[in-house]
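A.B. asks: The sequence isn't on hand, but the structure is:
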């Protein structure tokens, strides 16, 4: 395979590797954001539970208690939804990582093939150069004056 084709394939595979790496970064960022959201909802729920506890110590009517309880239930629902999104984001990270690793293997394989081809070319050039030097030496020997 000519070097130009190998260089083109290598560039294509490296571009794909970069695209895969970018997708992995996006997936990891989304996962971190979901972890942060989950922690935020949990913190807010804890704070709201403390407010309910404080208000209950001072005395609380049933309508206000129902309001607090309904809002905490909404926070629990939101937490469950964010937890699902977090699991999905983690799965996407794992999938993206797997795709990136496979693409990285392709790049390594093409680089190895290219390196082997470069070595073959270098050996052939070295042989050609040695053959030329041998020919020059032979010609000099043949043309030298006899004493």
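C.D. replies: In hand now; what should we look at? All values reported here derive from a predicted model rather than from experimental measurement.

A.B. asks: ok, residue 15 - how many residues close by?
C.D. replies: 12 (other C-beta atoms under 10 Å). In short, each C-beta sits where N, CA and C put it, glycine included.

A.B. asks: and it, what element?
C.D. replies: In this structure, residue 15 sits in helix 3-58 according to DSSP states H and E.

A.B. asks: need the next SSE after that helix, C-terminal direction.
C.D. replies: Along the chain past helix 3-58, the next helix or strand (assigned with DSSP H and E) turns out to be helix 62-143.

A.B. asks: Show me what that following helix is packed up against.
C.D. replies: helix 3-58 (3 or more C-beta pairs under 8 Å, 6 or more residues apart in numbering; DSSP states H and E).

A.B. asks: which residues sit in contact with the one residue sitting closest to the centre of the chain?
C.D. replies: Per C-alpha atoms, centre = their mean, the C-alpha nearest to the average position across the chain is that of residue 21, at 3.3 Å. By C-beta atoms under 8 Å, 6 or more residues apart in numbering, the contact set of residue 21 is residue 100.

A.B. asks: how distant is the helix holding residue 15 from the center of its chain?
C.D. replies: From the chain centre to the centre of helix 3-58 is a distance of 13 Å (C-alpha atoms, centre = their mean, to the nearest Å).

A.B. asks: Between helix 62-143 and it, find me the angle.
C.D. replies: Put simply, helix 3-58 runs at 160 degrees to helix 62-143, going by axes from the mean of the first three to the mean of the last three C-alpha atoms, to 10 degrees.
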